[in-house]
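S.K.: structure of the sequence below:
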Amino acid sequence: MPEPVEKLSAAQRSRIRRLSMPKELAPDEEGGELNIIPFLDIITNVLMFVLATISVTFTTMIDSEPPRAGGSSARAPTKPTLSLNIIVVDKGFIVSAFGQRIGEGCTGPGSGTAVGLVSGSTNYDFPALTACAKRLKNQVPEAADETAATLTANKDIPYQVIIGTIDAIRKGDDGQELFPDINFGVPK
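M.R.: Below you'll find the model as predicted:
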């Protein structure tokens, strides 16, 4: 037989009810931890947005000098100079040296492009330009120590062609240093 259950008095029930009710804390009594999860959510979203919108660019530096203003006060050179000038156009390279234009094939004075495009394509012939620069540098023994060349390009020439031109005239195929000091000219 089951044991009889004692009934609680009214005071006991009141006390249990009072103690089991949630107690509101005063603002100065509030304690506990700061909820930083919403803050971290915002920071994570902002960080993801920044990473998604950043464009990464890699740059390279090429040592060069800006064009110099020449005037009538410039002295004439005392020894023969090569004064290599290369103009990049859409049909190839116009080369000037010794104060005159170099003709087709870089064999002597002439007009037009000294080094044309690769036959049957629209690609520039950088190995032929290297050979031309080497041939011109070796023509004048007094100019063997000359390291400067001026490079000018039309405005519609792609940047990669200009960089290829610089690379082509800096060193020869055999590692001989040709014209490592590149000056940029202004097209007229």
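S.K.: double-check that residue 150 belongs to a strand.
M.R.: Yes. Assigned with DSSP: H, G, I helix; E, B strand; the rest coil, residue 150 falls within a strand.
S.K.: contacts only, for it.
M.R.: Going by Cβ atoms under 8 Å, 6 or more residues apart in numbering, residue 150 touches 83-86, 182-185. All C-beta atoms are positioned from the backbone trio N, CA, C, and that covers glycine.
S.K.: most neighbours among those residues, which one is it?
M.R.: Counting neighbours by other Cβ atoms under 10 Å, residue 86 leads the contacts of residue 150 with 27 neighbours.
S.K.: same for whichever helix or strand that one is part of, what does it pack against?
M.R.: In the assignment (DSSP states H and E), residue 86 maps to strand 84-89. Packed against strand 84-89, as judged by 3 or more Cβ pairs under 8 Å, 6 or more residues apart in numbering; DSSP states H and E, are the following elements: strand 92-97, helix 126-139, strand 148-153, helix 159-170.
S.K.: in a markdown table: those, plus mean pLDDT.
M.R.: Below are the helices and strands packed on strand 84-89 laid out as a markdown table (pLDDT from 0 to 100):
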| stretch | mean pLDDT |
| --- | --- |
| strand 92-97 | 87 |
| helix 126-139 | 86 |
| strand 148-153 | 88 |
| helix 159-170 | 90 |
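S.K.: pull the CA atoms of stretch 104-122 into CSV?
M.R.: C-alpha atoms of stretch 104-122 as CSV (Å, rounded to 0.1, in the frame of the first residue of the first chain):
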residue,chain,number,x,y,z
GLU,A,104,66.6,47.6,-93.5
GLY,A,105,68.7,44.8,-91.9
CYS,A,106,70.9,47.2,-89.9
THR,A,107,73.6,47.0,-92.6
GLY,A,108,74.0,50.7,-93.3
PRO,A,109,72.3,54.1,-93.6
GLY,A,110,68.8,54.1,-95.0
SER,A,111,65.2,54.9,-94.2
GLY,A,112,62.2,53.1,-93.0
THR,A,113,62.2,50.3,-90.4
ALA,A,114,65.6,48.8,-89.7
VAL,A,115,64.1,45.7,-88.1
GLY,A,116,60.6,44.7,-89.3
LEU,A,117,58.1,42.3,-87.8
VAL,A,118,58.6,38.5,-87.9
SER,A,119,57.7,37.5,-91.5
GLY,A,120,54.1,36.4,-91.8
SER,A,121,53.0,37.5,-88.4
THR,A,122,52.3,40.6,-86.3
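S.K.: which parts of the chain are strands?
M.R.: 64-65, 84-89, 92-97, 100-101, 115-116, 148-153, 181-184 (DSSP state E).
S.K.: quick check: neighbours of the third one in the sheet, parallel or antiparallel?
M.R.: Applying DSSP bridges, strand 92-97 is found paired with strand 84-89 (antiparallel), strand 100-101 (antiparallel), strand 115-116 (antiparallel).
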